[in-house]
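Novice: just the structure for this:
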Amino acid sequence: MLSKSGIKVGIALPQGFRDGAIDLALVREYALAAEAAGFDDLWTMEQITGRHAFLEPVTLLAYLSSITQHIRLGTAVLVTNLRNPIQLAKAVGTVDHLSGGRLTLGIGLGTNTRMYGAYGLPGDRRVARFVESISVMKALWTQESATLEGDYWQLAGVPMEPKPVQKPHPPLWFGAHTEAAQQRAIRHGDGWMGAGSTDLEEFFVELDRVKRLLAEAGRDASSFPLSKRVYLSIDDDEAKARERMDQQLGDFYGTLGMRLDDISWAICGPASKVLEALHRMREAGLTHLMLHPAPLDMRHLDLIATQIAPEL
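Specialist: Take a look at the predicted model:
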């Protein structure tokens, strides 16, 4: 643990390569340095289709499991409706074993159904499909012979071995914006992570709401991590930091050319400015931060490990 307050600090992993050349040496060096520096966890994200070369997250976690020893590993987030839950349950259980029980599974509904046709999926009842897929995975992870009669999947005494190392299963952290989505997170999940693309001011509204919903549901907030992906770029030259961030967000979200002032997704500038924003998030009640620097390079990893995390 790097922080002085006890808040847990994770960091995103290099995963996308805009020139098409996969730099596996960087991935390895970065992951090992993050573990050596004391980060709590290392995170992947999902982009299956897209213009730039982007490594698939679950497969990448299997690789990370083989080269690291202690740091937790996570996905933030998998759009589970675009995956078969039986196959995903098997892959997740496998990675949990390969890592010795270090996996956190971030899942989400996704913002729209634009890609459903490419996956051969109908766009209707996506919430029902999402909730049922979670039930399928939990049944396979926890029941000796899983039985479930759903609208989309029917399991009649289906076994799956080995069960995950973590019991009853790897923790499920939900990405959720709306009140209904946050209620699902509390009902079915083990933690919440605010999206990196959420406006920073809107995020505080979401955080207050999820804390209220936890209290109303009678859930112990101390055992339900509250997190956010935070895009940041550290440089005394704020214009240079913003340029780097604009490129990264453009690569992933297709926002290249937009002014960061308009979207308010990221914190760009000197370390003091970044710390001010992160302190505000911590004081608002976050128990975990997933920091996503632009660019994802060794310089930023070192700056966060030496100048940011110890001051949180």
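Novice: leaving out chain neighbours, which residue sits closest to residue 93?
Specialist: residue 164 (4.7 Å; C-beta to C-beta, 6 or more residues apart in numbering). Where you see a C-beta, it was placed from the backbone N, CA and C, and this is true even at glycine.
Novice: helix, strand or coil for the one you found?
Specialist: coil (DSSP: H, G, I helix; E, B strand; the rest coil).
Novice: so it sits against residue 100, correct?
Specialist: No - assessed by C-beta atoms under 8 Å, residue 164 is found out of contact with residue 100, at 11.2 Å.
Novice: just name the shakiest helix or strand of the chain by mean pLDDT.
Specialist: helix 260-263 (a mean of 51; mean pLDDT, DSSP states H and E).
Novice: what about stretch 85-101, distance to the chain center?
Specialist: 16 Å (C-alpha atoms, centre = their mean, to the nearest Å).
Novice: rounded mean pLDDT for it, please.
Specialist: Taken as a whole, stretch 85-101 has a mean pLDDT of 98.
Novice: residues making contact with that stretch?
Specialist: Stretch 85-101 has contacts (C-beta atoms under 8 Å, 6 or more residues apart in numbering) with 58, 61-62, 64-66, 68, 73, 78, 80, 102-103, 105, 133-134, 136-137, 140-141, 153, 158, 160, 162-166, 170.
Novice: just the buried ones from those residues?
Specialist: 58, 61-62, 64-65, 68, 73, 78, 80, 102-103, 105, 133-134, 136-137, 140-141, 153, 158, 160, 163-166, 170 (16 or more other C-beta atoms under 10 Å).
Novice: and residue 8, how far is that from residue 267?
Specialist: 19 Å (C-beta to C-beta, to the nearest Å).
Novice: now do the SS call for the spatially most central residue of the chain.
Specialist: For the chain, the residue lying nearest the average C-alpha position, counting by C-alpha atoms, centre = their mean, turns out to be residue 76 (1.7 Å). Under three-state DSSP, the three-state class of residue 76 is strand.
Novice: what segments of the stretch 101-250 of the chain are strands?
Specialist: 103-108, 146-149, 154-158, 172-175, 191-194, 226-234 (DSSP state E, counting those that start in this stretch).
Novice: okay, these in a markdown table with distance to residue 35 next?
Specialist: Putting these into a markdown table (distance: least, C-beta to C-beta, whole Å) gives the following:
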| stretch | distance to residue 35 |
| --- | --- |
| strand 103-108 | 15 |
| strand 146-149 | 35 |
| strand 154-158 | 36 |
| strand 172-175 | 20 |
| strand 191-194 | 21 |
| strand 226-234 | 19 |
